[in-house]
Structure formats: structure tokens, C-alpha cells
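Visitor: return atomic coordinates for the entry below.
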Amino acid sequence: MLKASTGRRSRLKNILGGSAGNLVEWFDWYVYASFALYFAPAFFPKGNQTAQLLQTAAIFAVGFLMRPIGAWIMGIYADHRGRKEGLTLSVSLMCAGSLMIALAPTYAQAGLLSPAILLLARMTQGLSLGGEYGASATYMSEMADRSRRGFWSSFLYVTIIGGQLAALVLLVFLQAVLGEQAMHSWGWRLGFAAGALLAIVVFFIRRGLDETLSYENVAASTGRRRSSMVTLFREHPREAFLVVGITAGGTAAFYAYTVYMQKFLVNTSGFSRATASQIMTLALFLMLLIQPLAGRLSDFTGRRSVMMFFGISGTLFTYPIFATLAHTRDAGAAFALVMAGLVMLTGYTSINAIVKAELFPADIRALGVALPYALANTIFGGTAEYIALWLKNAGREPWFYIYISLLCAIYLICVIRMRETKTASLIEED
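Guide: The predicted structure follows:
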């Protein structure tokens with residue numbers, strides 16, 4: 001168990017251990033989005049490319065529907081049984097989901113059973129990720145020392161982006177080694193198989209982590225656990241709805257600029273799949289590197305100033321970036337535009353975990369971080385790609401740029417009304 005005298009080396013070991021597990025969880029989740037261009041015809045053989053992507057995006061969104069359920073169940077579980085136990089359970093479920101997709105039969109082999117297995121696998125992964133965010137955000141925030149919480153908690157999105165980047169790197173590698181025909185035939189399965197194997201490794205890493213002092217103090221000082229959905233919305237309604245509002249704009253923009261952007265570059269801008277993958281791989285790598293810098297900046301200037309940077313820039317510049325990209329044919333110019341969007345987004349991604357954790361007391365923190373986030377993620381994040389493709393199919397693609405801009409404006413209003421959590425943090429332990 002982690003005690004008050006725990007040294008910096010032990011703290012660092014636990015943060016890095018938790019980060020590695022989070023990276024693999026998100027790698028498993030993003031393999032689906034990154035490889036969708038290749039496996040969509042295997043599960044949905046009829047229709048043009050946009051129609052096939054719509055069907056895979058619909059199942060991507062269904063996976064999000066399970067995330068509030070996972071957040072509710074495993075948020076309470078992490079508040080009652082410990083952050084470490086919650087992390088271990090979530091990675092076990094992610095492993096099962098990835099393995100199911102890797103071994104799933106195609107539509108030609110099993111008919112409707114094929115997309116049914118895909119749906120079940122994504123629901124399992126949705127349960128996993130619903131609990132993962134709350135448990136990992138809480139664990140890393142509680143494990144960090146007070147003066148560097150912004151810096152260390154930024155590694156949550158370093159690993160989220162790292163998972164997405166790792167999925168793209170694997171995709172680029174397999175494209176180069178196997179070629180288009182093999183990727184369409186069977187190569188896409190290797191991404192899901194790799195995710196399942198890595199999740200097994202992470203399971204054992206997480207079994208060796210220390211528990212946080214915040215949870216240990218709650219476990220020692222209270223005879224009962226107060227974490228429940230009723231308690232959350234009855235005693236902390238303002239904080240819960242604040243997390244929903246902040247997440248709505250942040251997560252919709254995140255999925256627009258990262259997950260959907262790869263398909264946008266192919267389906268709208270007209271780049272090849274390989275070129276789009278390369279643009280996104282480099283851009284996401286650079287975005288990953290600046291997360292700790294923005295997190296550390298929040299340790300000096302406060303959380304609100306960093307978050308307002310995204311709120312203002314996202315509201316003003318999302319439409320111009322997407323509208324210009326739609327008519328961009330030069331890869332260098334496209335990269336610059338994508339990178340501009342990702343730099344703006346860093347104002348949200350780098351510190352959103354610590355901001356949410358600092359809003360809630362320890363006995364309900366994992367649920368308070370996980371459930372409102374998952375609800376907003378389901379409504380606004382999980383549907384972002386589907387809405388974008390649906391509007392494109394309907395000939396109204398610019399409406400999507402307006403939609404994201406409006407959500408960024410809602411985010412900005414929430415940040416303006418939010419207290420400065422750096423100076424009013426409810427994480428009491430250092």
C-alpha cells in the first residue's frame with residue numbers, strides 16, 4: 001500500500017505504470033477507428049465507402065452507449081474497492097473485446113452473426129473504457145504531488161493520444177509491409193490481436209501498482225461507502241453538470257480533430273489513405289509532446305487560463321480550419337491546418353482530468369469523474385463521427401463545422417463560470 005512517506009521514485013513508478021495501462025486501453029479502442037477503412041467491407045459488404053463507414057461509425061457510437069454504464073458500475077467499484085482494482089477490471093474487459101474482433105468471422109462467412117459479434121465486442125470495450133477514464137484519471141491525479149498535478153495528470157491524454165498514435169503507427173507499418181489487398185483481406189485483424197496481447201501484459205503490471213493515499217484514507221476513516229449515482233447528483237449537482245458541459249465541447253472537438261480527421265482527409269480532401277495516415281501520425285506525435293508542457297503551465301498560471309485558450313480558439317477557428325482543409329490538396333498545408341487544430345485542443349486535453357478530479361471529494365471522486373464524462377462522451381463524442389458522415393452524405397458537411405464550434409462555445413461558458421480548481425482543489429493529500 002502507498003503510505004504518506006512514499007518517495008518520488010515510488011510515485012513515479014506508479015504514475016508510469018498507470019499510464020502504460022491507459023495507453024494500451026486506448027490503443028485497443030482506437031484500433032477500431034484507425035482500421036475501419038479496411039475492415040468495414042468485411043462486416044458490411046454492401047454500399048459505397050461512405051455508407052460502409054456510416055455503419056462502422058454507428059457501431060462505434062453504440063460502444064459509447066455502454067460507457068456511462070461502465071462508468072457507473074466501475075466508478076462505484078473504484079470508490080468502494082480501490083483505484084487499482086478498478087484499473088485491473090477495465091483492462092480485462094478491453095482484452096476480451098479486442099480478442100472477439102480479431103477472431104470474428106466476416107459477413108461472407110457468417111452473415112448477420114458477423115456484425116452482431118462486432119457489436120457485442122464494442123459494447124464490451126465500451127464498458128471497459130467507461131470505467132477506465134474515471135479510474136485512471138482519479139489514480140493519476142491522486143498519485144501526483146500537489147505542485148505538479150497539472151504536469152503529471154497531463155499524461156492521461158499523453159497515453160490517450162499515445163494509444164491513438166500507436167494504432168496509427170501500426171496501421172502505417174502494416175500498410176507498408178502487407179499492401180492494400182492483404183490489409184483488406186486479413187491484415188486488419190493484426191491490430192486487434194496486438195491489442196489483446198498487450199492488454200494481458202498490462203493486467204499483470206496493474207496488479208503490481210500501489211493504492212493511492214486518498215483512497216486509503218477514505219477506507220480507513222469511513223465505515224460505509226457513499227459513492228452512488230443518487231449521492232453524486234444530490235450532493236454535487238453543480239460539479240457533475242459542469243463536467244458534462246466541459247466534456248461536451250472538449251470531447252466533440254477531440255473526436256473531430258483526431259478520430260474523424262483521418263477519414264475527412266480521405267473522404268473530403270481527397271488524400272490517399274496512406275497519406276492521411278502519415279499526416280495524422282506526425283501531427284498526433286507532436287500533440288503528444290506538448291501535453292506535459294501545457295499541464296505544467298497550469299501548475300503556474302492555474303487551470304482556467306489554459307482551458308479558456310481552447311474555448312476561445314475552438315469557437316472562433318474550428319469552421320475556418322475545416323472549411324480550408326476541405327479544399328486543400330497539398331499535404332504540407334493539410335498538416336499545418338491539422339496541427340493548428342490540435343494545438344488549440346491541447347487547452348482541453350492536457351488538464352481536463354485533473355480539473356475534474358479536483359472538483360470532487362475522495363469518497364465519490366472516481367464516480368464523479370467517470371459518470372458525467374461518460375454521459376457527455378456518449379452524447380457528443382461517440383456521435384461526432386456519425387454526425388459528420390451523415391451531414392456529408394446529405395450534402396450539408398459545413399453544418400458539422402458549425403456544430404463543433406457551438407459546442408466549443410458551450411465549453412467556454414462553463415469554464416468562465418468554473419472556480420479555479422488549482423487553488424480550491426478537493427484533493428487534500430500531497
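
Visitor: check which helix or strand covers Met94.
Guide: Assigned by DSSP states H and E, Met94 falls within helix 83-103.

Visitor: how about the helix or strand following that helix: buried residues?
Guide: Elements were assigned by DSSP H and E; along the chain past helix 83-103, the next helix or strand is helix 107-110. Of the residues in helix 107-110, Tyr107 count as buried by neighbour count, 16 or more other CB atoms under 10 Å. No exception for glycine: its C-beta is placed from N, CA and C like everyone else's.

Visitor: give the buried residues for the helix or strand following helix 107-110.
Guide: Following helix 107-110 in sequence order, the next helix or strand is helix 113-143 (DSSP H and E). In terms of neighbour count (16+ other CB under 10 Å), helix 113-143 has its buried residues at 114-115, 117-118, 121-143.

Visitor: quick one, what contacts the residue nearest the centre of the chain?
Guide: Centrality entry for the chain: nearest residue to the mean C-alpha point is Ile160, 5.5 Å, by CA atoms, centre = their mean. With contacts defined as CB atoms under 8 Å, 6 or more residues apart in numbering, the neighbours of Ile160 are Asn22, Leu23, Trp26, Thr349.

Visitor: once you drop chain neighbours, what's closest to the first one?
Guide: Of all residues not flanking Asn22 in the chain, Thr159 sits nearest, at 4.1 Å (CB to CB, 6 or more residues apart in numbering).

Visitor: next, the angle from the helix or strand that neighbour falls within to helix 113-143.
Guide: In the assignment (DSSP H and E), Thr159 maps to helix 155-182. Using axes from the mean of the first three to the mean of the last three CA atoms, to 10 degrees, one finds that helix 155-182 and helix 113-143 are set 160 degrees apart in direction.

Visitor: buried residues in the following helix or strand past helix 155-182, which are they?
Guide: On the C-terminal side of helix 155-182, the closest following helix or strand by DSSP H and E is helix 189-207. Of the residues in helix 189-207, those scored as buried under the neighbour-count criterion (16+ other CB under 10 Å) are 189-192, 194-196, 198-199, 202-203, 205-206.

Visitor: pick out the most distant pair among the residues you listed.
Guide: Greatest spacing in these, by CB to CB: Arg189 and Arg206 (25.9 Å).

Visitor: ok, so of the buried residues of helix 189-207, who is nearest Arg303?
Guide: Arg206 (27.9 Å).

Visitor: contacting residues for that closest one?
Guide: Shown here is Arg206, whose contacts under the criterion CB under 8 Å, 6+ apart are Gly17, Gly18, Gly21, Lys84, Leu87, Thr88, Val91.

Visitor: same deal with Met229?
Guide: The neighbourhood of Met229, defined by CB under 8 Å, 6+ apart, consists of Trp72, Ile76, Leu367, Leu371.

Visitor: and the end-to-end length of stretch 103-114?
Guide: Across its full length, stretch 103-114 reaches 10 Å end to end, with CA to CA, to the nearest Å as the criterion.

Visitor: so Tyr139 versus Phe285, what's the distance?
Guide: Tyr139 sits 25 Å away from Phe285 when distances are taken as CB to CB, to the nearest Å.

Visitor: which residues does Pro45 contact?
Guide: Under the criterion of CB under 8 Å, 6+ apart, the contact partners of Pro45 comprise Tyr107, Ala108.

Visitor: sec struct for it, please.
Guide: Secondary structure state of Pro45, per DSSP: H, G, I helix; E, B strand; the rest coil, is coil.

Visitor: same check on the one 10 residues further on?
Guide: Remark: Gln55 carries the secondary structure label helix [criterion: three-state DSSP].

Visitor: burial count for it?
Guide: As a burial measure, the neighbour count of Gln55 was computed by other CB atoms under 10 Å and equals 19.

Visitor: nearest spatial neighbour of Ile279, skipping sequence neighbours?
Guide: Distance criterion CB to CB, 6+ apart; nearest residue to Ile279, sequence neighbours excluded, is Phe335 at 5.1 Å.

Visitor: check which residues of the host helix or strand of that neighbour are buried.
Guide: Secondary structure assigned from DSSP H and E places Phe335 in helix 331-349. For helix 331-349, the neighbour count (16+ other CB under 10 Å) marks 331, 334-335, 337-349 as buried.

Visitor: and what of stretch 273-289?
Guide: Buried residues in stretch 273-289, counted by 16+ other CB under 10 Å: Arg273, Thr275, Ala276, Ser277, Gln278, Ile279, Met280, Thr281, Ala283, Leu284, Met287, Leu288.

Visitor: shaky segments in the stretch 201-350 of the chain?
Guide: Judged against pLDDT under 70, the low-scoring parts of the stretch 201-350 of the chain cover residues 222-226.

Visitor: hang on, the earlier thing: what's the residue nearest to Asn22 in contact with, if anything?
Guide: Shown here is Thr159, whose contacts under the criterion CB under 8 Å, 6+ apart are Ser19, Ala20, Asn22, Leu23, Trp26.
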